[in-house]
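> sequence-free structure coming up:
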């Protein structure tokens with residue numbers, strides 16, 4: 001398992017940012033399409049405690065519906081979210097259930113245990129909603145950390161993804177992006193334990209203040225990898241600037257930070273953290 005930091009210096013007191021759970025309800029949004037039968041369009045997730053509606057619909061509607069139908073369906077997610085804000089989540093979902101037609105309807109509600117509703121929505125979406133994979137347009141490759149830090153960096157055309165995960169529509173995709181799962185609590189609350197995270201290889205420019213995926217070649221297995229905030233100190237010399245200190249910082253104060261020596265054989269900056277996928 002990937003530890004929150006390199007396998008040393010764990011504090012006895014560990015801060016957890018995701019120990020509290022609540023119960024949500026979810027339903028699948030279904031549609032009867034000519035010539036295709038019933039298709040799952042997306043997921044609706046209800047937070048009863050705050051009466052908040054979360055919705056995520058698939059992005060390949062143009063591949064499963066006619067142009068006219070796809071244009072209508074593409075407005076559906078925003079319309080449902082607006083209704084959820086105006087009416088409340090419970091009233092919006094009840095309205096859908098009451099006025100369901102053969103064209104658009106919902107499945108039966110099911111209970112789900114939730115720590116984070118945005119992440120839960122993503123998990124439910126991946127579990128229940130099929131969608132067409134359009135590499136680096138709608139989906140990003142999922143790699144193990146060993147692959148992400150090795151073959152993918154040197155010969156990406158020879159590497160096969162473990163899976164392709166649909167990215168949020170506001171994320172600009174490209175062949176330098178990939179997804180890996182991060183275990184550990186050292187970067188919470190920004191990166192929750194078990195998060196699927198988007199990274200960018202070929203880090204360019206200053207790394208100062210960025211979150212980076214680092215490999216320590218002296219450790220074994222997944223303990224080699226950690227995400228930390230990169231800090232450096234420099235002094236001005238006659239020849240320019242000389243780097244005097246590199247520090248990898250944990251965001252969770254219960255976990256240690258480290259000063260790194262500049263041994264290029266020992267430490268490798270694998271990629272830059274972009275965002276938590278869910």
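That came in fine, so what should we check first? Note that the structure is a prediction, hence the values are computed from the model and not measured. Numbers count the residues shown, from 1 in each chain.
> just after the least confident helix or strand in the chain by mean pLDDT, pick out the following helix or strand.
Ranked by mean pLDDT, DSSP states H and E, the weakest helix or strand in the chain is helix 151-154, scoring a mean of 69. Once the chain leaves helix 151-154, the next helix or strand it forms, by DSSP states H and E, is strand 163-166.
> element containing residue 141?
Per DSSP H and E: strand 139-142 holds residue 141.
> please disregard the earlier target; I meant residue 118.
helix 117-128.
> residues making contact with that helix?
For helix 117-128, the external contacting residues (C-beta atoms under 8 Å, 6 or more residues apart in numbering) are 24, 26, 28, 40, 42-43, 45, 47, 52, 54-56, 112, 114, 165-166, 192, 195-196, 276-278. Placement of C-beta: from N, CA and C, glycine included.
> please, a PyMOL command that selects the buried ones among these?
In PyMOL, a selection of the buried entries from the contacts of helix 117-128 looks like this (16 or more other C-beta atoms under 10 Å):
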select buried, resi 24+26+28+40+42+43+45+47+52+54+55+56+112+114+165+166+192+195+196+276+277+278
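> looking at the contacts of helix 117-128, which are in strands?
Using DSSP state E, 24, 26, 28, 40, 42-43, 45, 47, 52, 54-56, 112, 114, 165-166, 195-196, 276 are the members of these that sit in strands.
> residue contacts, the closest residue to residue 232 other than its chain neighbours?
Leaving aside its chain neighbours, residue 232 sits nearest to residue 246 (5.1 Å; criterion: C-beta to C-beta, 6 or more residues apart in numbering). For residue 246, the contacting residues are 230-232, 259-260, 262, by C-beta under 8 Å, 6+ apart.
> same question, residue 32
38-39, 102-104.
> which two in the residues you listed are spaced the farthest apart?
Spanning the widest gap among the contacts of residue 32 are 39 and 102, at 12.8 Å by C-beta to C-beta.
> more neighbours: which of these two?
Between residue 39 and residue 102, residue 39 has the larger neighbour count (other C-beta atoms under 10 Å), namely 17 against 9.
> so the more buried one sits right up against residue 33, yeah?
Yes. Residue 39 is in contact with residue 33 according to C-beta atoms under 8 Å; the separation is 5.4 Å.
> list residues touching both of these two?
Taking C-beta under 8 Å, 6+ apart as the contact rule, residue 39 and residue 33 both touch residue 64.
> state the distance from residue 50 to residue 88.
10 Å (C-beta to C-beta, to the nearest Å).
> could you chop this protein up by domain?
What automatic domain parsing lists as the domains of the chain is 22-128, 139-276.
> worst average pLDDT in the ones you listed?
If these are sorted by mean pLDDT, domain 139-276 sits at the bottom with a mean of 82.
> start to end distance for it?
End-to-end distance of domain 139-276 (C-alpha to C-alpha, to the nearest Å): 15 Å.
> what of stretch 134-154?
End-to-end distance for stretch 134-154: 23 Å, by C-alpha to C-alpha.
> who touches it?
Residues outside stretch 134-154 that contact it (C-beta under 8 Å, 6+ apart): 2, 59-60, 131-133, 158-159, 161-167, 173-175, 177-181, 196, 198-199, 201, 213, 215, 222, 224-225, 268, 270-271, 277.
> repeat that with 7 Å
Contact with stretch 134-154 is made by 2, 59-60, 133, 158-159, 161-167, 173-175, 177-180, 198-199, 201, 215, 222, 225, 268, 270-271, as judged by C-beta atoms under 7 Å, 6 or more residues apart in numbering.
> please point out which parts of it sit buried.
Buried-residue list, stretch 134-154, by 16+ other C-beta under 10 Å: 138-143, 145, 147-150, 152-153.
> which of the residues you listed sits closest to residue 187?
Distances from residue 187 to the buried residues of stretch 134-154, taken by C-beta to C-beta, are shortest for residue 145, at 14.5 Å.
> can you give me the helices for the chain?
Assigned by DSSP state H, the chain shows helices spanning 61-64, 67-73, 76-87, 89-98, 117-128, 145-148, 151-154.
> quick one: distance of the first one to the chain centre.
On the basis of C-alpha atoms, centre = their mean, to the nearest Å, helix 61-64 is displaced by 24 Å from the centre of the chain it belongs to.
> what packs against that helix?
Judged by 3 or more C-beta pairs under 7 Å, 6 or more residues apart in numbering; DSSP states H and E, helix 61-64 is in contact with helix 67-73.
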